[in-house]
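Engineer: here's a sequence, model it:
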Amino acid sequence: MKSWAPAATVALTAVAPPLGTVPTTVTVFVTVFVPPQPATMPASSGTLAQPTFPYADAVSINPWRGRERLEGMRQWPTLIALADRVERTDAFEGFVLIGSFASGTADELSDLDVIVVAKPGSFQQAWLARGHLSHDSLVRWDLPRGSHSSGHNWLTRDLVKVDCTIIDPDADQKPLATPYAVCVGQPEIAARFPQVSIESVREHAEQIAAEQNAIPADPASLPYGELIDWKIAEFKQAVRRAPRT
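Structural biologist: Residues are numbered from 1 along each chain as shown. Below you'll find the model as predicted:
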């Protein structure tokens, strides 16, 4: 049984009639009790509030062909957050968008494929700052590390998968092919990469996709990052095969 709770205590003071020849002041303390109140929930408008994004007005993202389409997609807030974190980290010079969002072929299931560019000679500092890029993610994992480049991937709480390569292009010969978009930083940072044909990059991407789509012999033995890659690839295949409503 819930007991009544005190709501307030009031002091009442009065001067009583004289008793004999000595005036007497009497103070009475009165405590007011109220019955327990049931818990209430805030009134609902019947619609879910749309999340707000604090970086939208503060982050400067370079224009590129196809940006307007991306701005209307669910991956856009993730890109804005990444841009803000790259700008705020001293070891990063900028980042380059590649893959389907750079080519204009992305859909609502597409991953964000990005290359985060370290300042010359600052790969170690950039790699140590990778957790800042994936802050507040649902899960994150590293790929096998090289001396001047490595992958750091994550899945956001909105289930956007980010494939991120952190690299010092001056010390690593990772190529860059069109189409790409320098989202943050000077456009000249693309000149730090060796340029290759889109055909060779497409062959590499197809090889990676085939590896992700292949059914592993023992899924339980996969590192969790590879398991996530495989499951997401399966999920995307299934959704894209479904009829559109």
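Engineer: all helices of the protein, in order?
Structural biologist: Taking DSSP state H as the criterion, the chain contains helices spanning 67-71, 76-87, 100-103, 123-128, 130-133, 198-213, 224-241.
Engineer: what residues does the fifth one touch?
Structural biologist: Judged by Cβ atoms under 8 Å, 6 or more residues apart in numbering, the contacts made with helix 130-133 from elsewhere in the structure are Leu82, Arg85, Val86, Arg88, Thr89, Val116, Arg140, Asp142, His152, Trp154, Cys164, Ile166. Yep, even glycine has a C-beta here, placed from its N, CA and C like the rest.
Engineer: kindly report the same for the first one.
Structural biologist: The list of residues contacting helix 67-71 from outside it, by Cβ under 8 Å, 6+ apart, reads Ile61, Trp76, Leu79, Phe101, Gly104, Ala106, Ala181.
Engineer: in it, which residues are buried?
Structural biologist: Under the neighbour-count criterion of 16 or more other Cβ atoms under 10 Å, helix 67-71 has Arg67, Leu70 buried.
Engineer: ditto for the last one
Structural biologist: Residues of helix 224-241 classed as buried: Gly225, Glu226, Ile228, Asp229, Trp230, Ile232, Ala233, Lys236 (neighbour count, 16+ other Cβ under 10 Å).
Engineer: so how far is that helix from its chain's centroid?
Structural biologist: Centre-to-centre, helix 224-241 and its host chain are 19 Å apart (Cα atoms, centre = their mean, to the nearest Å).
Engineer: on contacts alone, who are the packing partners of it?
Structural biologist: Using 3 or more Cβ pairs under 8 Å, 6 or more residues apart in numbering; DSSP states H and E, the elements in contact with helix 224-241 are strand 139-142, strand 149-155, helix 198-213.
Engineer: within its sheet, name the partner strands of the shortest one and how each one runs.
Structural biologist: Next to strand 139-142 in the sheet, as set by DSSP bridges, lie strand 149-155 (antiparallel).
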